[in-house]
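**Q** build me a model from this:
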Amino acid sequence: MCGYKCDGNPTVRTVAVNSIGNALGNSCTGSYSFVFPTACMNSVGLGPGGTVYAQWWLRDPASASTTGLSNALRFTVCE
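**A** Residues are numbered from 1 along each chain as shown. You can find the predicted model right below:
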């Protein structure tokens with residue numbers, strides 16, 4: 001997997017997350033998810049109606065660069 005870093009700084013790291021995909025081959029069977037805790041949103045002044053731009057920056061041992069980037073996404077925080 002290769003890609004482009006689409007969202008701007010600051011870059012914020014989450015805890016380590018395993019995609020739980022097939023470790024063999026290039027099957028792309030894994031997936032990632034992250035729940036934004038209220039405390040996390042409050043710490044950056046994010047509340048209902050705020051917009052978040054996000055993208056996974058991941059380790060990919062099978063890639064020549066050993067990293068990868070997902071497609072980026074944008075979402076609005078609800079209550």
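**Q** please count neighbours and contacts with C-alpha atoms only from this point.
**A** Will do.
**Q** low pLDDT regions in this structure?
**A** Along the chain, segments meeting pLDDT under 70 span 1-4, 6-7, 23, 25-27.
**Q** now do the helices in it.
**A** Assigned by DSSP state H, the chain shows helices spanning 38-43.
**Q** ok, which stretches of it are strands?
**A** 51-54, 57-59, 67-69, 73-76 (DSSP state E).
**Q** any idea which residue sits dead centre in this structure?
**A** The centroid of the chain falls nearest to W56 when counting by C-alpha atoms, centre = their mean (2.7 Å).
**Q** excluding its backbone neighbours, what's nearest that residue?
**A** Distances taken as C-alpha to C-alpha, 6 or more residues apart in numbering put S70 closest to W56, at 5.2 Å, once the chain neighbours are dropped.
**Q** distance check, the one you found against L58.
**A** Taking C-alpha to C-alpha, to the nearest Å as the measure, S70 falls 8 Å from L58.
**Q** could you do N71 as well?
**A** 12 Å.
**Q** who has more neighbours, these two?
**A** L58 (16 against 13; other C-alpha atoms under 10 Å).
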